[in-house]
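In: prediction below, plus the sequence it came from.
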Amino acid sequence: MKNDLIWTKTLLTVYRYLERISGAIDKIIMQSALNSSNIVGQNYFYNNVYSISQKLIDLSERKVTLINLKVLIEETLADIDEKSAKILIEKYFDGIKSKEIAERNSISMRTVFRKIINAENGFCCRLRLKGYNGTKLENMLKNEGWINNVFLRLSEKDDEFELSNSYLAKAVSM
């Protein structure tokens, strides 16, 4: 469950970059395809038709994975209630700080944090209902190092938070 929630936060965090990276992949594919006509001499060994074709196929598969991920995130957001989706969009896609979300919606900071946690949990549950648990997402995104780095960073941050909570619990009980 904890792993699934970290994947939820990861997907929501990387969403705003998916389209940009897909566009960059298109440019790389186009450049590689255009440069493939210049395969002579020493370049032939490294840039033969097979290796260029394999590179283009790999990049295309990577783009398909990113597009599928974007669609999965959008469909999952559509499946949760509108208020939860709105707060996740404000926080993760628009990059609005919690304080500003509280001001916009005329609610307290504590309520904002509670709503964010509830919305993340709802998103996580919908992902699992669609069959996307942490293991499946890990397998699906194993070749996306940048997404895995975000996941690891969020995992470490979550572990630090748990550590600080357990420290505080001990301190309070003394």
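Out: Perfect, I can see it now. Since this is a predicted model, take the numbers as computed values, not measurements.

In: so which helix or strand of the chain has the lowest pLDDT on average?
Out: Lowest mean confidence among the helices and strands of the chain (mean pLDDT, DSSP states H and E): helix 43-46, at a mean of 53.

In: for the host helix or strand of residue 7, buried residues please.
Out: Per DSSP states H and E, residue 7 falls inside helix 2-35. Within helix 2-35, the residues that count as buried by 16 or more other C-beta atoms under 10 Å are 4-15, 18, 21-22, 25, 29. (C-beta placed from N, C-alpha, C; glycine too.)

In: tell me the mean pLDDT for that helix?
Out: On average, the pLDDT along helix 2-35 is 89.

In: next: stretch 93-100.
Out: Here the average pLDDT along stretch 93-100 is 93.

In: and if you look at stretch 71-85?
Out: Per-residue pLDDT over stretch 71-85 has a mean of 96.

In: contacts for it next, please.
Out: 11-12, 15, 88-89, 115, 118-119, 122-123, 126-127, 130, 132 (C-beta atoms under 8 Å, 6 or more residues apart in numbering).
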